[in-house]
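next one to model:
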Amino acid sequence: MTQSLHPAAQQGFALGANLYQQVRPSYPQEVAIFLQDQLQVPLNSNIVDLGSGTGKFLPHLLKLTTQLIAVDPIASMLAELKQLYPQVETIQARSEQLPLPDQCADLVSCAQSFHWFANLQSLKEIHRIIKPQGYLLLIWNQRDISVNWVNALAQMILPFEGDTPRFHNQDWRQVFADTDLFQLTHEQQFHHPHVGTVEQVVSKRLLSTSFIAAMPIEQQQQLKTQFEQLVLEYTNKHAQDEIEFPYCTHMYVYQKVE
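Next comes the predicted model:
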């Protein structure tokens, strides 16, 4: 039975697709270098980007191949993607029911997405479409809460999370522990700053968070003011001042087990 899409994702991302594309950080260049040099993904491999959203990870994948399919369940996210990457094939589908043939992908990537569908049915579908000895790449940009003002922002939004799936609680790992479909082969972290104005890379970025983007506009604007006030108190930077928002990019590579 296909699991229903979490309301925070369904509503928040559907309404906030344009903002998501504008304010979410990219991924470090070291990831593409790793895929080419260490994982040795062949050029023009067949790659499926699952939970592709607005295509934030596609620039790295397009360095490797033109044989690329972007899959996402939310139409407005894919519409943003198609404006930026019209050459990329898109499929609107759920991870539990992928309309793709068996063993069609050398690599499946999930950038900032796997925590939304970390269930057995999805993992079996991913396993089905990956070729023998193929790879599953999981990657997340996570706020660096070792920085005091970033941690203060994280604590501010924590009460609003509810039961929304998140990377940081590590629940997504359980489905791998419960099965023998994949073996972890690489785990790596990269420091990755996101530079821009306070409004762009801090307050609007936080407004693009699924459970915040699903809130009424009035509540979002109140939070935006609170985010910018907190940054001002910690860093003495105003909304239009430039700031470096520190991220740690977490990357996990799993190989298919036959």
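
give the next helix or strand downstream of whichever helix or strand residue 70 is part of.
Using DSSP states H and E, residue 70 sits in strand 68-72. Sequence-wise, the next helix or strand downstream of strand 68-72 (DSSP H and E) is helix 75-84.

tell me what angle that next one forms with strand 68-72.
Orientation of helix 75-84 against strand 68-72 (axes from the mean of the first three to the mean of the last three Cα atoms, to 10 degrees) gives an angle of 150 degrees.

the helix or strand immediately after helix 75-84 in the chain pairs with which strands?
Downstream of helix 75-84, the next assigned helix or strand under DSSP H and E is strand 89-92. Strand 89-92 sits in its sheet next to strand 68-72 (parallel), going by DSSP bridges.

and the partner strand, how far out from the chain middle?
Using Cα atoms, centre = their mean, to the nearest Å, we find the averaged C-alpha position of strand 68-72 to lie 13 Å away from the chain's own average C-alpha position.

repeat that for stretch 69-85.
Centroid separation between stretch 69-85 and its chain, computed with Cα atoms, centre = their mean, is 14 Å.

please apply the same query to stretch 97-117.
Counting by Cα atoms, centre = their mean, stretch 97-117 is centred 13 Å from the centre of its parent chain.

flag every buried residue along that stretch.
Along stretch 97-117, the positions that meet the burial threshold by neighbour count (16 or more other Cβ atoms under 10 Å) are 98, 100, 104-117. In short, each C-beta sits where N, CA and C put it, glycine included.

tell me the bridge partners for residue 107.
The residues listed as beta-bridge partners of residue 107 by DSSP bridges are residue 47, residue 135.

who's in contact with it?
The contact partners of residue 107, taken as Cβ atoms under 8 Å, 6 or more residues apart in numbering, are 35, 41, 45, 46, 47, 48, 130, 134, 135, 136, 137.

now those in a markdown table, with pLDDT and neighbour count?
Formatted as a markdown table, the entries for the contacts of residue 107 read as follows, by pLDDT from 0 to 100; neighbours: other Cβ atoms under 10 Å:
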| residue | pLDDT | neighbour count |
| --- | --- | --- |
| 35 | 92 | 23 |
| 41 | 89 | 21 |
| 45 | 95 | 18 |
| 46 | 98 | 20 |
| 47 | 98 | 25 |
| 48 | 99 | 26 |
| 130 | 99 | 25 |
| 134 | 97 | 22 |
| 135 | 98 | 23 |
| 136 | 98 | 26 |
| 137 | 98 | 26 |
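
which of those sits closest to residue 227?
When the contacts of residue 107 are compared for distance to residue 227 (Cβ to Cβ), residue 137 wins out at 31.2 Å.

secondary structure class for the nearest residue to that closest one once chain neighbours are set aside?
Computed as Cβ to Cβ, 6 or more residues apart in numbering, the closest residue to residue 137 that is not its neighbour in sequence is residue 109, at 4.4 Å. Under DSSP: H, G, I helix; E, B strand; the rest coil, the three-state class of residue 109 is strand.

what is the least confident helix or strand in this structure?
Counting by mean pLDDT, DSSP states H and E, the chain has its least confident helix or strand at helix 7-15, which shows a mean of 46.

re the thing from before, least confident of the buried residues of stretch 97-117?
Minimum pLDDT across the buried residues of stretch 97-117 is recorded for residue 116, with 91.

residues near the residue nearest to residue 240 when sequence neighbours are not counted, how many?
Nearest non-adjacent residue to residue 240, counting by Cβ to Cβ, 6+ apart: residue 197, 5.3 Å away. Per other Cβ atoms under 10 Å, the neighbour tally for residue 197 reads 16.

next one: phi and psi at residue 197?
Backbone geometry at residue 197, expressed as degrees, to the nearest 10, gives phi -70, psi 160.

beta partners of it?
residue 242.

what's the spacing between the nearest residue to residue 70 once chain neighbours are set aside and residue 46?
In space, residue 70 comes closest to residue 52 once its chain neighbours are excluded; the distance is 3.7 Å by Cβ to Cβ, 6+ apart. Between residue 52 and residue 46 the computed distance is 15 Å (Cβ to Cβ, to the nearest Å).
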